[in-house]
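Undergrad: Curious how this folds, go ahead:
(6 chains)
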Protein chains: 4
Amino acid sequence: MTPRTEEQFEEIREEKKALIKNVALELFASDGYYDSSISKISKRAGISKGLMYNYFTSKEELIKEIIFDGMDEFVKVFDPNKDGVLTDEEFIYFIEESVRILKSNIKYWRLYFSIIFQPTVMKLVEDKSLEMMTPFYKILLDFFQRKGSKTPGIDARLFTSMMDGVSLNYVVDPENFPIEEIKQNIINMYK
Amino acid sequence: MTPRTEEQFEEIREEKKALIKNVALELFASDGYYDSSISKISKRAGISKGLMYNYFTSKEELIKEIIFDGMDEFVKVFDPNKDGVLTDEEFIYFIEESVRILKSNIKYWRLYFSIIFQPTVMKLVEDKSLEMMTPFYKILLDFFQRKGSKTPGIDARLFTSMMDGVSLNYVVDPENFPIEEIKQNIINMYK
Amino acid sequence: MTPRTEEQFEEIREEKKALIKNVALELFASDGYYDSSISKISKRAGISKGLMYNYFTSKEELIKEIIFDGMDEFVKVFDPNKDGVLTDEEFIYFIEESVRILKSNIKYWRLYFSIIFQPTVMKLVEDKSLEMMTPFYKILLDFFQRKGSKTPGIDARLFTSMMDGVSLNYVVDPENFPIEEIKQNIINMYK
Amino acid sequence: MTPRTEEQFEEIREEKKALIKNVALELFASDGYYDSSISKISKRAGISKGLMYNYFTSKEELIKEIIFDGMDEFVKVFDPNKDGVLTDEEFIYFIEESVRILKSNIKYWRLYFSIIFQPTVMKLVEDKSLEMMTPFYKILLDFFQRKGSKTPGIDARLFTSMMDGVSLNYVVDPENFPIEEIKQNIINMYK
DNA sequence: AATGAATGAGCCTTCATTCAT
DNA sequence: CATGAATGAAGGCTCATTCAT
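TA: Down below sits the predicted model:
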């Protein structure tokens, strides 16, 4: 009979938002953004369509939050900004971590790759995406420079492209892609 | 006023289809599949909406044909099935040709990557995609085997992944990606 | 901590209702009935959406009460039922009072005019509106009769129409409408 | 079997647009803008909801066109811009014409009044409304000036207000409002 | 008395597809 | 072969109202 406290409301909100985002990520990743209607998502989440808009102002906002959450997670678990310098060991760690992160949230990265090529959706997140990726790239550049590369920019882009390609192939078919062996190969390549 | 022969009709028909496919590819690549309506495409192609259905039974059919055309082109211009064996020179040729093909039809490959992650669309073409790619993969496998690799499967997948990653990064931003230098680096890598 | 008496509760309740009605009037008048959601109104009033329904059983009920309040106010501050007869001085007073009332609650009259043409809303209040206006009309009729008019009904309707028109133009643009001068003109007209 | 000619299409379009506008005017006038859904209108017009958007890009566009049509009609049938000067006879004609126009399209004027107080809707047409009304007002001003009025601006505003009030009362209840007698009274008033 | 999460009906709009001509 | 009017299902979204707490 006593009304809910503010904390209770907050808790409900957080839980429900998380639920919706999980369901939506699942659906976006498996069916794509356009084939995952708000109706489908809400049904899967066991809530009414209308309630979706209590938590997200729009479908765009929903995917944006999902993508941003993933980016934040990425930056958080894998913050390279210790001193801004990569030692050889750290470079290996970099590769290992990348694969670990990839494996820990396959669906997210599937979704991430899927939107890179959907101009309408990509526009929503490209600013933040760039902002997130730039520091990584800088450190890589610096790494190849110190390793004595004459074309560190090229080397860095080739390396990141390779990582992209590996990631892409992995998330498309995680069951059959030999991610661990590939990782070892890459590490050996740069030793 | 001699009546046109059946071949002439067929030719006209094919030309019109080609025109439509070009326009559609352009739009699909720049706006995405879902944001490119039949209405928009037909207007750009200078024909009526109804006529579209005279040439393609559905929007799915349209994108399917576009993708298939691209695959056929790929197989045609770059047929590795001479003897099914890659020499070292041929492997380099393989890389060079891949890049050339990529550069020759950036929009197509953009579209191709975009649908890989759109399950609904990908389902339409995945059979043919697999069928097209398998022979390439087999030859690569053989190549790494003959080169004395202990893990030719891994090597082959890493190589194709790298090519994928490079391609992906190139088509996303062709202006700024140093495709030629990257290509040289890859060639050196496998020498 | 003596428990509040029932009257005190009632008083608090009425104050809250008045607050809500003020906020709602403001919003209805500025944005229109349909563009003023219960959500907006309650937020502006500083209470929860749910509580609104403790005071008003529906949105319709809310506007109804607002309109009725205005009518009651009108009848109260400007009760012509002294003896049911208008002298010449009283007729002038009638005009003066009309303008004064108009000026004292522009927003209300704006709202009032706005609903006259919204059948769905008007239906809610038309009975009371008629009931309120009839006595005024009767007295006016009587006034023109005593002034020797051969068509007192016509005269009365023309007069009220004119007052309506003036009111309408005033509330639409109070800043620029020369209400005082117009009032003087009308008074002179009937002298 | 032969396709329709361009003229035939044009004819269909014009007829259907007119049909929709008629139905919509009817409904807007009787139920108000917000209570007349596209769904209702299309049903009443005997067409599918989707087709509405073949003819009008939005509901706003629909009401805008209806209102603009009415304004154009008004300006057309009653163009005061002969020499920009009103003689006494012309002033009477002005009044007569106003009433005639009012009577000839009651629903339209009902709608017109209804939107004046719906800010959201009014915004759509206020520019054109102003543009349409200004010349009339100027001529009136000039008329009262030439009649020797010391306050032509006031006189003009009072006159137009009166006409507004009369119009308003008439369109609200055309059956019972004695429009013809009122008109005679107004004419006598300014003689 | 008070909260805001939750519902569900309905709104405007889009679009692949069909069809009469 | 060619047109574009017409359909209908579905989509994103809003909002008055209810309800558990």
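Undergrad: Grab the nearest non-local neighbour of residue A:162.
TA: residue B:162 (4.5 Å; C-beta to C-beta, 6 or more residues apart in numbering or on different chains). To be clear about C-beta, it is placed using only N, CA and C from the backbone, and glycine gets the same treatment.
Undergrad: Can you list the buried residues in stretch A:89-97?
TA: A:90, A:91, A:92, A:94, A:95 (16 or more other C-beta atoms under 10 Å in any protein chain shown).
Undergrad: about what we covered before: how far away from the center of its chain is the host helix or strand of the residue nearest to residue A:162?
TA: Using DSSP states H and E, residue B:162 maps to helix B:152-172. Averaged C-alpha coordinates place helix B:152-172 at 15 Å from its chain's average position (C-alpha atoms, centre = their mean, to the nearest Å).
Undergrad: what pLDDT, on average, does it get?
TA: Over the span of helix B:152-172, the pLDDT mean works out to 95.
Undergrad: Tell me what angle that helix forms with helix A:152-172.
TA: 110 degrees (axes from the mean of the first three to the mean of the last three C-alpha atoms, to 10 degrees).
Undergrad: Can I get helix B:152-172 as CSV, trimmed to CA atoms?
TA: Taking C-alpha atoms only, helix B:152-172 is exported to CSV below (Å, rounded to 0.1, in the frame of the first residue of the first chain):
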residue,chain,number,x,y,z
PRO,B,152,47.3,-25.2,-44.1
GLY,B,153,43.6,-24.8,-43.1
ILE,B,154,44.5,-22.2,-40.5
ASP,B,155,46.9,-20.4,-42.9
ALA,B,156,44.2,-20.4,-45.6
ARG,B,157,41.6,-19.0,-43.2
LEU,B,158,43.9,-16.4,-41.9
PHE,B,159,44.8,-15.3,-45.4
THR,B,160,41.2,-15.0,-46.5
SER,B,161,40.3,-13.3,-43.3
MET,B,162,43.0,-10.7,-43.9
MET,B,163,41.8,-10.2,-47.5
ASP,B,164,38.3,-9.8,-46.1
GLY,B,165,39.4,-7.3,-43.6
VAL,B,166,41.4,-5.3,-46.1
SER,B,167,38.5,-5.3,-48.5
LEU,B,168,36.1,-4.3,-45.9
ASN,B,169,38.2,-1.3,-44.8
TYR,B,170,38.8,-0.3,-48.4
VAL,B,171,35.2,-0.3,-49.5
VAL,B,172,34.1,1.6,-46.3
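Undergrad: Go through it and flag the buried ones.
TA: B:152, B:154-172.
Undergrad: Quick check: residues of chain A near DNA strand F?
TA: Taking C-beta under 7 Å from any atom of the strand as the contact definition, chain A meets DNA strand F at A:1-4, A:8, A:36-40, A:49-50, A:52-53, A:57-60.
Undergrad: Mark which of those are buried, thanks.
TA: So, by 16+ other C-beta under 10 Å, the buried ones in those are A:36, A:38, A:52, A:59.
Undergrad: measure the first one to residue D:140 for me?
TA: Going from residue A:36 to residue D:140 by C-beta to C-beta, to the nearest Å gives 62 Å.
Undergrad: so how far is stretch A:108-117 off the chain centroid?
TA: 8 Å.
Undergrad: residue contacts, the nearest residue to residue A:185 once chain neighbours are set aside?
TA: Excluding the flanking residues, the one nearest residue A:185 by C-beta to C-beta, 6+ apart is residue B:158, at 5.3 Å. Contacts of residue B:158 were listed using C-beta atoms under 8 Å, 6 or more residues apart in numbering or on different chains, and they are A:162, A:166, A:182, A:185, A:186.
Undergrad: Would you mind confirming that the last one makes contact with residue A:94?
TA: This means residue A:186. No. Residue A:186 is beyond contact range of residue A:94, at 10.5 Å (criterion: C-beta atoms under 8 Å).
Undergrad: And the one residue in chain A that gets nearest to DNA strand E, which helix or strand is it part of?
TA: Using C-beta to the nearest atom of the strand, the closest approach of chain A to DNA strand E is made by residue A:50 at 1.7 Å. Using DSSP H and E, the secondary-structure element containing residue A:50 is helix A:49-55.
Undergrad: most residues in a single helix of chain A, which one?
TA: helix A:119-146 (DSSP state H).
Undergrad: Just give me the neighbour total for residue A:24.
TA: By other C-beta atoms under 10 Å in any protein chain shown, 26 other residues sit near residue A:24.
Undergrad: How about stretch A:14-24 and chain B, any contact?
TA: No. Interface with chain B: stretch A:14-24 contributes nothing (C-beta under 8 Å from any C-beta of the partner chain), its closest point being 15.2 Å away.
Undergrad: any idea how far residue C:108 is from the residue nearest to the spatial centre of chain A?
TA: Central residue of chain A (C-alpha atoms, centre = their mean): residue A:70, 4.3 Å from the mean position. The gap separating residue A:70 from residue C:108 is 53 Å, by C-beta to C-beta.
Undergrad: Show me where chain A dips below the pLDDT cut-off.
TA: A:1, A:78-84 (pLDDT under 70).
Undergrad: one step back: going by neighbour count, which residues in the helix or strand that the helix holding residue A:50 is followed by are buried?
TA: Where DSSP H and E defines the elements, the next helix or strand beyond helix A:49-55 is helix A:59-77. Going by neighbour count (16+ other C-beta under 10 Å), the buried part of helix A:59-77 is A:59, A:62, A:63, A:64, A:65, A:66, A:67, A:70, A:71, A:74, A:75.
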